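# any chance you can model this:
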Amino acid sequence: MMPFGFGFGFGWFGAIFMLVWWAIIIASIVLFVRWIIRQGHNWKHSDKDVIEILKERYAKGEIDKLKYEEMKKELEK
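Below is the predicted model:
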């Protein structure tokens with residue numbers, strides 16, 4: 001008969017270590033997924049950057065108002 005019922009001879013220390021080990025693995029996976037989501041989220045902000053560039057080109061006079069409106073509509077699709 002085993003004293004603590006875990007069967008590996010490590011007793012409570014083994015059970016606690018196993019729980020800590022799985023907590024580390026799950027936390028690592030969660031952090032990795034959050035990092036991947038943030039990377040994709042940054043790509044969505046690039047649309048705003050394109051519109052900012054378009055505004056700058058219009059402000060500098062490189063494009064006229066008609067061309068600005070056409071390009072802005074195309075980018076907002």
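
# for this structure, longest helix please?
helix 11-60 (DSSP state H).

# what is that helix packed up against?
Using 3 or more CB pairs under 8 Å, 6 or more residues apart in numbering; DSSP states H and E as the contact criterion, the neighbours of helix 11-60 among helices and strands are helix 65-76. Backbone N, C-alpha and C define where each C-beta goes, glycine included.

# buried residues in the helix it packs on?
In terms of neighbour count (16 or more other CB atoms under 10 Å), helix 65-76 has its buried residues at Tyr68, Met71.

# what angle sits between it and helix 11-60?
Here helix 65-76 runs at 160 degrees with respect to helix 11-60, directions being taken by axes from the mean of the first three to the mean of the last three CA atoms, to 10 degrees.

# name the helices or strands packed onto helix 65-76?
Helices and strands touching helix 65-76, as assessed by 3+ CB pairs under 8 Å, 6+ apart, comprise helix 11-60.

# just the mean pLDDT for the helix it packs on, thanks.
When pLDDT is averaged along helix 11-60, the result is 85.

# pull the CA atoms of stretch 17-37 into PDB?
Provided in PDB are the C-alpha atoms of stretch 17-37 (Å, rounded to 0.1, in the frame of the first residue of the first chain):
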ATOM      1  CA  PHE A  17       5.500  19.700  -9.100                       C
ATOM      2  CA  MET A  18       3.200  18.200 -11.600                       C
ATOM      3  CA  LEU A  19       0.600  20.900 -11.100                       C
ATOM      4  CA  VAL A  20       3.300  23.600 -11.400                       C
ATOM      5  CA  TRP A  21       4.700  22.000 -14.500                       C
ATOM      6  CA  TRP A  22       1.200  22.000 -16.200                       C
ATOM      7  CA  ALA A  23       0.600  25.600 -15.100                       C
ATOM      8  CA  ILE A  24       3.900  26.600 -16.800                       C
ATOM      9  CA  ILE A  25       3.000  24.800 -20.000                       C
ATOM     10  CA  ILE A  26      -0.600  26.300 -20.100                       C
ATOM     11  CA  ALA A  27       0.700  29.800 -19.300                       C
ATOM     12  CA  SER A  28       3.300  29.500 -22.100                       C
ATOM     13  CA  ILE A  29       0.700  28.500 -24.600                       C
ATOM     14  CA  VAL A  30      -1.600  31.300 -23.600                       C
ATOM     15  CA  LEU A  31       1.200  33.900 -23.900                       C
ATOM     16  CA  PHE A  32       2.200  32.500 -27.300                       C
ATOM     17  CA  VAL A  33      -1.400  32.800 -28.600                       C
ATOM     18  CA  ARG A  34      -1.700  36.300 -27.300                       C
ATOM     19  CA  TRP A  35       1.500  37.300 -29.000                       C
ATOM     20  CA  ILE A  36       0.300  35.800 -32.300                       C
ATOM     21  CA  ILE A  37      -3.000  37.700 -32.000                       C
END
